[in-house]
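>>> I'd like to go over a predicted model; first the sequence, then the structure.
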Amino acid sequence: MFIDDLDLQLTGIWIAGFGVIVVLSLLTFLLARRRRRHRRWLPWAATSVIVVVGFFALGQIDASVKTADALATLEHQVHLPVTYTAEGSSLTLRTDGSAELVAVSVGDDVQRNAAGRLCVSGDAAVTTGDARWWMDADRFVHIETERKITRLYPDGKLILGYGWAKGFVLTSCDAEYATLYRAPGPY
């Protein structure tokens, strides 16, 4: 987009989207009222459908803009392809969405443990092999291999945070902490 600040972009999208929804709702109501004949509920039903579909579409646009921004931040900070390493373990993220894992913890599902930390649950195991990855609007990199999943998330410290130069990969729920992985560089 032509605006650099993500919050300003999203505010503009929501304001414009809300305006479009209002205009479309009014036009739908007026057109449906002209054709209603004996159905007094038709203008209200048509307008309700427009409002619901409009807000759903706005939510999808919002998520896609956030995801694109998160991916651009990852690309800007560590330049894909990137290999993260930890003690005897590594994961490589490539630009085509493929990944290579070496001794990385994966599980059946992601949940919170008793301490409130995100972790992989179910049949948690350490795996090596090919995988695929994608990023969501919450800035999590989802890594999936053979019906197992884990997540990589950036160092989120407010002061002197390393961003994507250091990332945490989820571990099993009985482990105390997520595993710290480092991207190559002077970090």
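Right, received. Where do you want to start? Residues are numbered from 1 along each chain as shown.
>>> how much space separates the most centrally placed residue in the chain from Leu152?
Closest to where the C-alpha atoms of the chain average out (C-alpha atoms, centre = their mean) is Asp136, at 1.3 Å. The spacing between Asp136 and Leu152, counted by C-beta to C-beta, to the nearest Å, is 12 Å. The C-beta positions use only the backbone N, C-alpha and C, and glycine is treated the same way.
>>> longest strand anywhere in this structure?
In the chain, taking DSSP state E as the definition, the longest strand is strand 125-135.
>>> helices and strands around it, which ones?
If you count contacts as 3 or more C-beta pairs under 8 Å, 6 or more residues apart in numbering; DSSP states H and E, strand 125-135 packs onto helix 42-78, strand 89-93, strand 98-106, strand 141-145, strand 148-155.
>>> distance check, Leu170 against Ala86.
From Leu170 to Ala86 the distance is 12 Å (C-beta to C-beta).
>>> of those two, which one has the most company?
Shown here are Leu170 and Ala86; by other C-beta atoms under 10 Å, Leu170 has more neighbours (27 against 17).
>>> backbone dihedrals for that one, please?
When quoted as degrees, to the nearest 10, the phi and psi of Leu170 stand at phi -60, psi 150.
>>> contacting residues for Thr92?
Residues near Thr92 by C-beta atoms under 8 Å, 6 or more residues apart in numbering: 81-84, 99-100.
>>> ok, the residues you listed vs Leu31, which is closest?
Ala99 (50.6 Å; C-beta to C-beta).
>>> and the closest one, how many neighbours does it have?
Applying other C-beta under 10 Å, we find 23 residues neighbouring Ala99.
>>> dump the residue contacts of it.
Per C-beta under 8 Å, 6+ apart, neighbours of Ala99: 91-93, 130-133, 143, 145.
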